[in-house]
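Trainee: quick one: sequence plus predicted model below, questions after.
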Amino acid sequence: MKTLLQDTFRPGLSLFVLLTLIAGIAYPLAVTGVVSALLPDEAAGSLIVRDGQPVGSRLIGQSFTDPKYFWGRPSATAPQPYNAAASGGSNQGPLNPALFDAVQARIAALKAADPDNALPIPADLVTASGSGLDPHISPAAAAYQLARVARVRGLDPQAVAALVEQNSEGRQWGFLGEARVNVLALNLALDALK
């Protein structure tokens, strides 16, 4: 019996410890080191820093509801919007009455903030992304909000349009995805116009 335990338990335990050291410690440290050396900004969370303090990430949206700011895509995370720990879609299908009610409430909020706006409301202003954390809006969503933001802030719409353009990103590698505007970066640029 003693040799059976020695013959099976000791090699199994040794293999467990060895694989834990390799796969659980050495490999993650090596990958983290390589990524930190090659892509330091991405490894640190793609943080946006103002006055030496991080104010957010270029990869995770933030909630803006004041009319002087551009509003991002709605977040499907609950109870706190843009909660990365609760990332995920709403799982509400197109025929779900709860989704219909949520979209109608978002449309009403957009119309209340800018009642004279006759432009069609872009879908990304009333529907959440798959992750619920999307930091971007489409150029059409930025254009829809441009007049409101310029009016509330007392700015020339052309100056606001220039800021939208400066904070726009094209397709990744020229062919993947769609053009987009980073909402946090755009709102920080607006605040910097003081």
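Mentor: Perfect, I can see it now.

Trainee: after the worst-scoring helix or strand of the chain on mean pLDDT, next one along is what?
Mentor: The helix or strand of the chain with the lowest confidence, counting by mean pLDDT, DSSP states H and E, is helix 40-43 at a mean of 77. For helix 40-43, the following helix or strand on the C-terminal side (DSSP states H and E) is strand 47-50.

Trainee: so for the residue lying closest to Glu42 once chain neighbours are set aside, what's the pLDDT?
Mentor: Once flanking residues are discounted, Glu42 sits nearest to Val35: 7.2 Å by Cβ to Cβ, 6 or more residues apart in numbering. The way it works is simple: take the backbone N, C-alpha and C, and place the C-beta from them, glycine included. What the model reports as pLDDT for Val35 is 86.

Trainee: ok, Val35 - how many residues close by?
Mentor: Using other Cβ atoms under 10 Å as the criterion, Val35 is surrounded by 12 other residues.

Trainee: one more: Glu169?
Mentor: Residues lying near Glu169 (other Cβ under 10 Å) number 14.

Trainee: ok, it to Ser57 distance?
Mentor: Counting by Cβ to Cβ, to the nearest Å, the gap from Glu169 to Ser57 is 15 Å.

Trainee: with Ala159 instead?
Mentor: Applying Cβ to Cβ, one obtains 26 Å for the distance of Ala159 from Ser57.
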